[in-house]
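>>> Here is my input; please provide its structure:
(2 chains)
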Amino acid sequence: MPLPIPFIQQCQNLLGADNVIAESECLRVYECDALSAYRTLPELVVLPETVEQVRALMRFCRDHSVPVVPRGAGTGLAGGAMPVAGGIVLGLSKMNRILSLDPVNRTARVQPGARNLAISEAAKSHGLFYAPDPSSQVACSIGGNIAENAGGVHCLKYGLTVHNVLQVQLVTSDGELLTLGGNGLDAPGYDLLALAIGSEGLLGIVVEATVRLLPLPPSTRVLLAAFASVEEAAAAVAAIISDGLLPAGLELMDNAAIRATEAFVHAGYPVDAAAILLCELDGLAEQVEADSLRAEAVLKAHGAIEIRIADDESQRRRFWAGRKAAFPAVGRIASDYYCMDGTIPRKHLAAVLKRISEMGGEHGLVVVNVFHAGDGNLHPLILYDGNRPGDFEKAEALGGKILELCVAVGGTITGEHGVGSEKIPYMCVQFQAAELEQFHRLKRAFDPDGLLNPGKAVPTLHRCAELGRMHVHHGELPHPQLERF
Amino acid sequence: MNDGDLTADIQGRIQQAAASATPLRIVGGNSKAFYGEDCSATAVLDMAGHSGFIDYEPSELVITARAGTRLRDIETLLDSHGQMLAFEPPYFGEQATLGGTMACGFSGPRRPFAGAGRDFMLGCKIVNGYGEVLSFGGQVMKNVAGFDVSRLMIGALGTLGVLLEISLRVLPKPESEATLIYAMADEQQAIKRMNRFSGQPWPLSALAYDGQLLSLRLSGAESAVQAAARQLGGDFDELGEDFWLALREQNLAFFEDDDTLWRISMAPSAASPAVFGTRLLDWGGALRWLKTDQPAKVVHEACEAVGGYAEAFRGGEKHDRIRLKPEIAALQSRIRAAFDPHGLFNPGFCRDR
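From the prediction side, this is the model:
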């Protein structure tokens, strides 16, 4: 049912006509996030410019029982910002300023729409940076990062968003403004800040954040190690960690990823290697030197056939260029790809990668692997052709099997992208009914009417029942004809 | 240590408590009984017997143990593999358990540089107030499936559920550590110095000021620690390790007093709250211990004025131990009811604030 005209008019009164989008051509921009296979045309998009406008909107939507889907930069990979029927999309893109930067306390106070990379750029002249660096950091916003507890290449050493945010201003579904966290490193009472981070827009709207800035490391070195088998590369990852090293980043690319990126950005990767590892070490020069010697010894002992070292900025950039361009590069060799995000214990890396490759074969699909190996966070890219009928469904089924495999070896269905709309079915695999119910009770403590991003992140038990009892050992998804939202 | 899985017993006790509306006082090693509000429950749920390691593979940097496992046993095991709990949890008694440690959520001097207890929490198994055994999080570093209930348990003092099992991320112990000291009489000067150190890329792992000496700990490769020490100047403190341990365990002379001990969390460079008393600064200035005989009202208001939060850590007026904004207090009550609708767990804690 479309939203009534008076409702839209009142939104215009609250925000100004320029900040309310109701024309279907303009609405199309907001029908999906970066998971473009999942689309719903929104009925109304509102773009508030102030905290007070967000509060007024939330009160207004509560009074009219209209669901609200928060949206940052729309770079999410799990359909978390996908519109819902009968609801509005609340975009935070106009609240994009860095409000203040405090180099002495090493913090930045930012609006939710501020871009991730813009914070590090603003902090650079003070010798500081904001550590979490999701690959979309040029575009993604801090509000979205908080909603998803975003990670990135360097979170192995520097942590996720939850480790790097000190305070959040959150507007609840009834328009209340809450301050979570504090100016110091903690606040009294329950750790509501940790709870809010990664809550996928279900508990409140982030309208301001204070993030921690860290001193830029004076020295950085990247090692590129080539391996004759993916298994050896995976074993080397576990060995580096168990040797006591804590690299800033430790990434793995398989041969398909190496070839795709090499053809795209010419990073100079060894195209015949079955896999490469990129291992970044940073800190004082003496620390980097000591760690580098140890890392080289471990890599050699685990079968590295070649090790290259990049010390200067331009060389390092070249090493990373391929990794950073990996997704678009894969986009060039296949018309579409579907990116998964399971995390597993490192000891299972080799076996799981092998099994994923086999399962790809069984489904007649190619899987490319380029991922955060150091913390066991897989990103299998399943290649498919969206124009070929049934191909996406095949990719989705394979993706589901991969996630079930991750859970079966003691891992999780999502390491950093979030559940969103996409992984709702697999939440029924990872959690028992009582746990899902506990999530819903917690949600109601914040949002009793269930108006914030409904249907995302946590499935209802009814939904799980509809999807069938999807335990890991079962075969095909039951009821594949049901749309998954 | 007698290892035992008492999950079924504990779950039974809680179901029984729910049926008979008998609140429970959750006790592990009873090493931190001084902390928190007064608990009104008389029936004790003894967790110390629910102990033992469940999983530890050094190469995974993860340890999973039952809540009643002694912290000492965990650290001894980790130490034998060159690893540690990087948040340096205080014991406040040899009998301290893992469950009590995480439920209180204290972190030691390494916290600003390595992270707090909650930052190392990967997953847990709990019993909620419905008597249901639930698992959240897991044993992997990155996990964003579902709300972060595991971290919510840290510092919740057991009021949201009884912790049964806990998985923590562990880190390799640094190859080398050294403590440097700087004599400094002026607190403002010490605060300035600590913030300058923190803003530069030194391999810091602790930074404190006791009113006379600024102490700084370096951790890392031997060559890096030595290089940093050369550039930072200051004097080596050969007894540095003892100092950090005594600071963590509150065994320094500063803590021997009958006055109320307040814990103040605030921006590291802000001036200390204007309250008559003596202070000790940890966490590079972000944590300030205050000993004073001033009433709670005075302390809370002075801390609020400098943008900080005060908490009566030892002693003081239990009914005014911490202050929460009314909207936060109301939300906490609703969250508590979502986990423990009958108010079974540690009633008196985390309520009516």
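>>> Would you point out which residue is most central in chain B?
Central residue of chain B (Cα atoms, centre = their mean): residue B:106, 0.8 Å from the mean position.
>>> Please parse chain A into its domains.
Taking automatic domain parsing as the reference, chain A has its domains at A:5-91, A:98-215, A:219-328, A:334-467.
>>> Quick one: the ones you listed as JSON lines, columns for distance to chain B too.
C-betas here are computed from N, CA, C, even on glycine. JSON lines is the format used below for those (distance: least, Cβ to the nearest Cβ, whole Å):
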{"stretch": "domain A:5-91", "distance to chain B": "9"}
{"stretch": "domain A:98-215", "distance to chain B": "4"}
{"stretch": "domain A:219-328", "distance to chain B": "3"}
{"stretch": "domain A:334-467", "distance to chain B": "4"}
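>>> Is the residue nearest to the centre of chain B in a helix, a strand, or coil?
coil (DSSP: H, G, I helix; E, B strand; the rest coil).
>>> show me what contacts the residue nearest to the spatial centre of chain A?
Compute the mean C-alpha point of chain A, and by Cα atoms, centre = their mean the closest residue is residue A:417, 2.8 Å away. Counting by Cβ atoms under 8 Å, 6 or more residues apart in numbering or on different chains, residue A:417 touches A:76-78, A:148, A:339, A:341, B:144.
>>> Name the pair among those with the greatest separation in space.
Taking Cβ to Cβ, the two most distant members of those are A:339 and B:144; they sit 14.7 Å apart.
>>> Quick check: which ranges of the stretch 1-150 of chain B have low pLDDT?
Along the stretch 1-150 of chain B, the model assigns pLDDT under 70 to residues B:1-2.
>>> so where do the helices sit in it?
Taking DSSP state H, counting those that start in this stretch as the criterion, the stretch 1-150 of chain B carries its helices at B:7-20, B:71-80, B:98-104, B:111-114, B:149-153.
>>> For those helices, state which one has the densest average packing.
Highest mean neighbour count among these (mean count of other Cβ atoms under 10 Å in any protein chain shown): helix B:98-104, with a mean of 29.
>>> quick one: it to chain centroid distance?
Put simply, helix B:98-104 sits 8 Å off its chain's centre (Cα atoms, centre = their mean, to the nearest Å).
>>> Quick one: check that helix for contact with chain A.
No: using Cβ under 8 Å from any Cβ of the partner chain, helix B:98-104 stays clear of chain A, with a minimum separation of 11.3 Å.
>>> what helices or strands is that helix leaning on?
Where contact means 3 or more Cβ pairs under 8 Å, 6 or more residues apart in numbering or on different chains; DSSP states H and E, helix B:98-104 is packed against strand B:62-66, helix B:71-80, strand B:162-169.
>>> Including distance to residue A:234, could these go into a markdown table?
Shown next, in a markdown table, are the helices and strands packed on helix B:98-104 (distance: least, Cβ to Cβ, whole Å):
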| stretch | distance to residue A:234 |
| --- | --- |
| strand B:62-66 | 18 |
| helix B:71-80 | 25 |
| strand B:162-169 | 20 |
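>>> and of the ones you listed, who's closest to chain A?
Set against chain A and scored by Cβ to the nearest Cβ, the helices and strands packed on helix B:98-104 come closest in strand B:62-66, at 7.6 Å.
>>> Contact partners for the residue lying closest to residue B:146 once chain neighbours are set aside?
Spatial nearest neighbour of residue B:146, excluding adjacent residues (Cβ to Cβ, 6 or more residues apart in numbering or on different chains): residue A:439 at 5.5 Å. Contacts for residue A:439 (Cβ under 8 Å, 6+ apart) come out as A:431, A:458, B:146-147, B:149.
>>> Apply 6 Å and report the result again.
Going by Cβ atoms under 6 Å, 6 or more residues apart in numbering or on different chains, residue A:439 touches A:458, B:146-147.
>>> Show me which of these is closest to residue A:404.
residue B:146 (16.5 Å).
>>> re earlier: using the three-state scheme, assign the residue nearest to the centre of chain A.
Three-state call for residue A:417 (three-state DSSP): coil.
>>> For it, give its distance to residue A:164.
18 Å (Cβ to Cβ, to the nearest Å).
>>> repeat for residue A:135
Distance of residue A:135 to residue A:164, computed by Cβ to Cβ: 17 Å.
>>> Please apply the same query to residue B:223.
As defined by Cβ to Cβ, residue B:223 lies at a distance of 28 Å from residue A:164.
>>> who's more crowded, the two?
Legend: neighbour count by other Cβ atoms under 10 Å in any protein chain shown for residue B:223 and residue A:164, higher for residue A:164 (20 against 16).
>>> Angles on the backbone of that one, please.
Dihedral pair for residue A:164: phi -130, psi 10, per degrees, to the nearest 10.
>>> can you pull the contacts of it?
Residues in contact with residue A:164, defined by Cβ under 6 Å, 6+ apart, are A:131-132, A:211-212.
>>> Pull out the buried residues from the residues you listed.
Neighbour counting with 16 or more other Cβ atoms under 10 Å in any protein chain shown marks A:131-132, A:211-212 as buried within the contacts of residue A:164.
>>> Between which two of the residues you listed is the distance greatest?
Longest span within these, Cβ to Cβ: A:132 and A:212, 10.1 Å.
>>> got the residues of the stretch 151-300 of chain B near chain A?
By the rule Cβ under 6 Å from any Cβ of the partner chain, the part of the stretch 151-300 of chain B lying against chain A is B:151-152, B:154-156, B:172, B:195, B:199-201, B:220-221, B:223-224, B:227, B:265-269, B:286.
>>> So, low pLDDT: which residues of the stretch 201-350 of chain B?
B:350.
>>> Could you do chain A as well?
In chain A, residues with pLDDT under 70: A:1, A:469-485.
>>> now with 50?
Applying pLDDT under 50 to chain A picks out residues A:469-485.
>>> Distance from the chain centre to stretch A:231-243, please.
Offset of stretch A:231-243 from its chain centre (Cα atoms, centre = their mean): 24 Å.
>>> Can you dump the C-alpha atoms of that stretch in CSV for me?
Output of stretch A:231-243 as CSV, limited to C-alpha atoms (Å, rounded to 0.1, in the frame of the first residue of the first chain):
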residue,chain,number,x,y,z
GLU,A,231,47.0,-25.7,0.9
GLU,A,232,50.6,-24.7,1.5
ALA,A,233,49.7,-21.0,1.5
ALA,A,234,46.9,-21.7,4.0
ALA,A,235,49.2,-23.7,6.2
ALA,A,236,51.7,-20.8,6.1
VAL,A,237,49.0,-18.4,7.4
ALA,A,238,48.4,-20.6,10.5
ALA,A,239,52.2,-20.9,11.0
ILE,A,240,52.8,-17.2,10.9
ILE,A,241,50.1,-16.6,13.6
SER,A,242,51.2,-19.5,15.8
ASP,A,243,54.8,-18.2,15.5
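>>> Residue B:150 and residue B:137 touch, don't they?
Yes: between residue B:150 and residue B:137 there is a contact at 3.8 Å, judged by Cβ atoms under 6 Å.
>>> That's all I had, so thanks and see you.
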